[in-house]
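K.L.:
Sequence and computational prediction follow.
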Amino acid sequence: NAGVTQTPKFQVLKTGQSMTLQCAQDMNHNSMYWYRQDPGMGLRLIYYSASEGTTDKGEVPNGYNVSRLNKREFSLRLESAAPSQTSVYFCASSEMSRTVFGPGTRLTVT
Amino acid sequence: ILNVEQSPQSLHVQEGDSTNFTCSFPSSNFYALHWYRWETAKSPEALFVMTLNGDEKKKGRISATLNTKEGYSYLYIKGSQPEDSATYLCAFSTNAGKSTFGDGTTLTVKP
């Protein structure tokens, strides 16, 4: 039972490059989330998926796309990375009363 | 966008002091209120989840209360220790399954 896993753990991109952050959970949770964490700003919701096949924008969706591939996996894509997207990205899954976070992906865009 | 506010933003206390912080949240569509402890370079770790008005939860020296009618929750730490230093996050979740986080209260406990 691995909980929530994220790959990669670290990534450096050049401005304009694209990449996909992967997230998977093995707890059979319906809801999954992508957050970014910036100094002094707490966790900000990028996108969430209340169930397989549905996705919704959160607080800061611009510059990102998501795919809820199946119940287990929820990926976050940066089509054209910008320095403003330098952040730590956390994936989480929840089943109403319990939320579990992944270990985070530290992304730097130069 | 749901607004979850935490205060104070940061807090510095001496070892042995007791402290408390506040989380305020919308009182409509309430499902649950969560408290997390978040240490630097780690993932947030769940402390409490509360669903009923008047709920009180306790884990060691840390406790939390919930008032859903007025939309606030308090987190208390009794006899703070240096290892309590962390950011404490609250999150409000609706019955649609969406959670919104506050910006956190960063606690520093000086030995």
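P.N.:
Cool, got the structure.
K.L.:
Please name the bridge partners of the residue nearest in space to the middle of chain A.
P.N.:
Closest residue to the average C-alpha location of chain A: A:W34 at 3.2 Å, with Cα atoms, centre = their mean. Legend: beta-bridge partners of A:W34 under DSSP bridges are A:Y47, A:C91.
K.L.:
so who does it touch?
P.N.:
A:21, A:23, A:45-48, A:58, A:64, A:66, A:74, A:76, A:89-91 (Cβ atoms under 8 Å, 6 or more residues apart in numbering or on different chains). All C-beta spots, glycine's among them, are computed from the backbone N, C-alpha and C.
K.L.:
could these be laid out in JSON lines, adding pLDDT?
P.N.:
Rendered in JSON lines, the data for the contacts of A:W34 read as follows (pLDDT from 0 to 100):
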{"residue": "A:L21", "pLDDT": "96"}
{"residue": "A:C23", "pLDDT": "97"}
{"residue": "A:L45", "pLDDT": "88"}
{"residue": "A:I46", "pLDDT": "93"}
{"residue": "A:Y47", "pLDDT": "93"}
{"residue": "A:Y48", "pLDDT": "91"}
{"residue": "A:G58", "pLDDT": "87"}
{"residue": "A:Y64", "pLDDT": "97"}
{"residue": "A:V66", "pLDDT": "97"}
{"residue": "A:F74", "pLDDT": "97"}
{"residue": "A:L76", "pLDDT": "97"}
{"residue": "A:Y89", "pLDDT": "96"}
{"residue": "A:F90", "pLDDT": "95"}
{"residue": "A:C91", "pLDDT": "96"}
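K.L.:
Please work out which helix or strand belonging to chain A has the smallest mean pLDDT.
P.N.:
Ranking every helix and strand in chain A by mean pLDDT, DSSP states H and E puts strand A:98-101 at the bottom, with a mean of 86.
K.L.:
so how far is B:Y36 from A:P61?
P.N.:
With distances defined as Cβ to Cβ, to the nearest Å, the gap from A:P61 to B:Y36 amounts to 23 Å.
K.L.:
got a pLDDT number for the residue of chain B found nearest chain A?
P.N.:
Going by Cβ to the nearest Cβ, chain A is nearest to B:D103 of chain B, at 3.5 Å. Among the per-residue scores, B:D103 holds a pLDDT of 85.
K.L.:
Around chain B, which positions in chain A sit nearby?
P.N.:
The interface of chain A toward chain B, taken as Cβ under 8 Å from any Cβ of the partner chain, is made up of A:30-31, A:33, A:35, A:40-45, A:48, A:50-51, A:56, A:59, A:90, A:92, A:94, A:96-104.
K.L.:
May I have the predicted confidence score for B:P111?
P.N.:
93.
K.L.:
check contacts around it.
P.N.:
Under the criterion of Cβ under 8 Å, 6+ apart, the contact partners of B:P111 comprise B:15, B:82.
K.L.:
Check B:T68 too.
P.N.:
When contacts are taken as Cβ under 8 Å, 6+ apart, B:T68 is in contact with B:27, B:30, B:33, B:52-53.
K.L.:
thinking again about what came up before, what's the offset of the least confident helix or strand of chain A from the middle of its chain?
P.N.:
Between the centre of strand A:98-101 and the centre of its host chain there is 13 Å, according to Cα atoms, centre = their mean, to the nearest Å.
K.L.:
Many thanks, we can stop here.
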